[in-house]
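In: Here is my input; please provide its structure:
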Amino acid sequence: MSGKGVVREKLTITQKEFLKILESFMHGKTYHFPEEFQQMEELSQMAAIHKMTAAVYEQIRKEAIFTRPEYASLVNAFKAYTIREVMLQTQRTDGFLRIYQSICEHGVRPLVVKGLICRNLYEKSDYRVSGDEDILVRKEDFAVCDQIFLENGFQREAVDPQHLPQEIPYINPRNGVYIEMHFELFAEESGAYGHLNKEFAAAFETCMCEQIQGQSVWTLNPTLHLFYLICHSLKHFLHGGFGIRQVCDMVMMAEHYGEIIDWDYIAGRLKELRMESFWNGLTEIGRTYLGFSYEKAHYPVAMQNTNVNCDHLLLDLLDSGIYGDSSAERKHSSNITLAAVESGKKDTMASMKASLFPKADYMKKGYPWLEKYPWFLPVAWGMRIAEYLKNSQKNGKNEPSGVEIGMSRVDLLREYDIID
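Out: Residues are numbered from 1 along each chain as shown. Prediction:
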């Protein structure tokens, strides 16, 4: 990983303190601002785009800087948002556990991934908020789960039971519980990461049971779960990026389950799937900035690579927000990175084509009328390009365009050996 062709700035004061705050939250430590710190507005914005406002506020709420008159309105907003988020998270967790128990009582055991399982690793779990819960369900169990959801006030869009999609979202308007039912962990049709589904073919046969708030919750075994978090991060990395919270979760899971994680298995799969350098970057971020303990995780010496340059990866994920949602330009850049991964190499012309003329499935998200009139796809392309040019003129030359972000991130994919 030479980093050739990728130019990044150093961490800002705000970014450094943000990472220190997260590390203290993860490991139950006390945090104090340096005397010269003044960037409270920036810190609050950074916490917001990474969905870590509650965690950050909990760590800094007793700091003297909060008593300054100039920060009164910011502190009040910080506090009110945190109280609201924690209350809602408590409500959502309780609501999810109740509906999950009901499903299990009918003889079905969906596997809960990410969200609830990751939150449970933190001492103050409700401060590590998540907007939804993901469950992996066998297709033959769909009818039972679907009936229970609908009978308990959940709503979903119409689906064809004979041709189920890869995932089905359910929302309960009464308590805000949002659940995504997955039949595969990754979109099978994706040429960039659809192949990862076969890595989890034994998910149900090798699953485990956790006790959360006195209730049995079935989930992936620790080795597969950590590997899934890595793969899930890679998926978002290939789109618009992913945020620091996912790295926090991986560190917490590695430290919590490290003694029983099959590290040799993970190392072998990472090497086979060309994800080794990517993971080395993540572990170095964890070790350098988030207090990742190799000893606590029983992390093998053979996998330890402290010479890796993780700063380019870190700055990208700090800029990306929770799932690459920090800006519309970054979202649009995903067409370029995905095209590069599907071809396996940097191809400027192919990347430009992917950016200007995305596939129909992508275009339908912004132009839903294409669902009914698919032959108007060229018209939608023209409208998209016109809108892009308009926004570029409005934003001026200070902000990078989606194409510039995409091409820069293709270089990042090369740096971490994901493509040639």
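In: C-alpha only now, for contacts and for neighbours.
Out: Will do.
In: then the helix or strand hosting L22 to PDB, C-alphas only?
Out: Following DSSP states H and E, the helix or strand that holds L22 is helix 13-26. The C-alpha atoms that make up helix 13-26 are tabulated as PDB, following Å, rounded to 0.1, in the frame of the first residue of the first chain:
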ATOM      1  CA  ILE A  13      -8.000  19.100  16.100                       C
ATOM      2  CA  THR A  14     -11.700  18.300  16.100                       C
ATOM      3  CA  GLN A  15     -11.200  14.900  14.500                       C
ATOM      4  CA  LYS A  16      -8.500  14.000  17.000                       C
ATOM      5  CA  GLU A  17     -10.700  14.900  20.000                       C
ATOM      6  CA  PHE A  18     -13.700  13.200  18.500                       C
ATOM      7  CA  LEU A  19     -11.700   9.900  18.300                       C
ATOM      8  CA  LYS A  20     -10.500  10.300  21.800                       C
ATOM      9  CA  ILE A  21     -14.000  10.800  23.000                       C
ATOM     10  CA  LEU A  22     -15.200   7.700  21.300                       C
ATOM     11  CA  GLU A  23     -12.300   5.700  22.700                       C
ATOM     12  CA  SER A  24     -13.200   6.800  26.200                       C
ATOM     13  CA  PHE A  25     -16.900   5.900  25.600                       C
ATOM     14  CA  MET A  26     -16.000   2.400  24.300                       C
END
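In: List the buried residues for it?
Out: By 16 or more other C-alpha atoms under 10 Å, the buried positions in helix 13-26 come out as 14-15, 17-26.
In: Which helix or strand lies directly C-terminal to it?
Out: helix 40-49.
In: Check which helices and strands that next one is in contact with.
Out: With contacts defined as 3 or more C-alpha pairs under 8 Å, 6 or more residues apart in numbering; DSSP states H and E, helix 40-49 has these neighbours: helix 13-26, helix 53-60.
In: right, and the ones you listed - which one's nearest Y228?
Out: Comparing the helices and strands packed on helix 40-49 against Y228 with C-alpha to C-alpha, the closest turns out to be helix 13-26 (20.5 Å).
In: Now do that closest one: distance to the chain's middle.
Out: Chain-centre distance of helix 13-26: 18 Å, with C-alpha atoms, centre = their mean, to the nearest Å.
In: Now for I171: which residues touch it?
Out: By C-alpha atoms under 8 Å, 6 or more residues apart in numbering, the residues touching I171 are 154-156, 177-179.
In: Out of the residues you listed, which sit inside strands?
Out: Applying DSSP state E to the contacts of I171, the entries found in strands are 178-179.
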